[in-house]
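*Asks:* Here is the input, now give the coordinates:
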Amino acid sequence: MLNFEDIQRYFWGSWRIMNGHADGLEFFDLSEDGFWQSFHAITVSLPPLILSWIVFANDVVAFRPETGTRLSLIGRIAFVDLTAWVLPLAVLLFVAPRIGLRSRFSVYVITSNWGSALVNWLVVPATLIHIFMPTRPQFSLGVDLVLNAVALVLTYRLTHVALKKTYAYTTAFFAILVTGYIILVVVLQSVLGIAMPEPITLG
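*Replies:* Next comes the predicted model:
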């Protein structure tokens, strides 16, 4: 089982890598056990994720009550987020040998999982602003957009260090990954009948 010191170490390693320091990899357990343990990052992410799901559900119910109950909406958006986290990694498992990532797949998954957990906590301020300043949706959206833009940059840096490839390779890989993620989320939301409310809130 992970303890608080382990989580701190992995978060610090993620932060080091996101700032371009390859020595951040030294803070991770890159063994097979560390690979499977890295999926505990989903559990670590649950508090900020659940908060964003509740906010999302409240917004949808307020603007489009016909979409469903709060509980059903929370369940559906949770399914979307968790599927969008795990499914791309499962797909990557099968294509990694074909795109020259066989030796870096495990490292990428480990660092990506913990990096995603760190990012989920870093964007919490946007969710809190949305909750405590409901009359200023444009400000909330602006903060959300800025934080998510910063998160993209940090995640790109992490990806570059984890893959240990050229910038051209990393850019192409990251662009495909982000595009696939967006398409997957949009398709799942459409299938599950989740309507984005106005004002838009990004989870």
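
*Asks:* Helix or strand: which one has Asn113?
*Replies:* helix 105-122 (DSSP states H and E).

*Asks:* Can you name every helix or strand that that helix contacts?
*Replies:* Packing partners of helix 105-122 (3 or more C-beta pairs under 8 Å, 6 or more residues apart in numbering; DSSP states H and E): helix 4-18, helix 32-37, helix 40-63, helix 70-95, helix 137-163. Using the backbone N, CA and C atoms, a C-beta is placed for each residue, glycine as well.

*Asks:* buried sites along the second one?
*Replies:* Burial within helix 32-37, assessed by neighbour count using 16 or more other C-beta atoms under 10 Å, is assigned to Gly34, Phe35, Gln37.

*Asks:* Then stretch 128-135?
*Replies:* Within stretch 128-135, the residues scored as buried using 16+ other C-beta under 10 Å are Ile129, His130.

*Asks:* and if you look at stretch 14-31?
*Replies:* Ser14, Trp15, Arg16, Ile17, Met18, Gly24, Leu25, Phe27, Phe28.

*Asks:* I'd assumed Asp23 was in contact with the second one.
*Replies:* The one in question is Trp15. No. If you go by C-beta atoms under 8 Å, Trp15 and Asp23 don't touch, sitting 11.8 Å apart.

*Asks:* and the helix or strand harbouring Pro125, what other elements does it pack with?
*Replies:* Using DSSP H and E, Pro125 maps to helix 124-132. Counting contacts by 3+ C-beta pairs under 8 Å, 6+ apart, helix 124-132 is packed against helix 40-63, helix 137-163.

*Asks:* can you list those in TSV and add mean pLDDT?
*Replies:* Formatted as TSV, the helices and strands packed on helix 124-132 follow (pLDDT from 0 to 100):
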stretch	mean pLDDT
helix 40-63	93
helix 137-163	93
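
*Asks:* can I get these in a markdown table with mean neighbour count and distance to Val86?
*Replies:* Below are the helices and strands packed on helix 124-132 laid out as a markdown table (neighbours: other C-beta atoms under 10 Å; distance: least, C-beta to C-beta, whole Å):
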| stretch | mean neighbour count | distance to Val86 |
| --- | --- | --- |
| helix 40-63 | 18 | 8 |
| helix 137-163 | 17 | 16 |
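
*Asks:* how about a markdown table for those helices, with distance to Gln189 added?
*Replies:* Formatted as a markdown table, those follow (distance: least, C-beta to C-beta, whole Å):
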| stretch | distance to Gln189 |
| --- | --- |
| helix 40-63 | 10 |
| helix 137-163 | 17 |
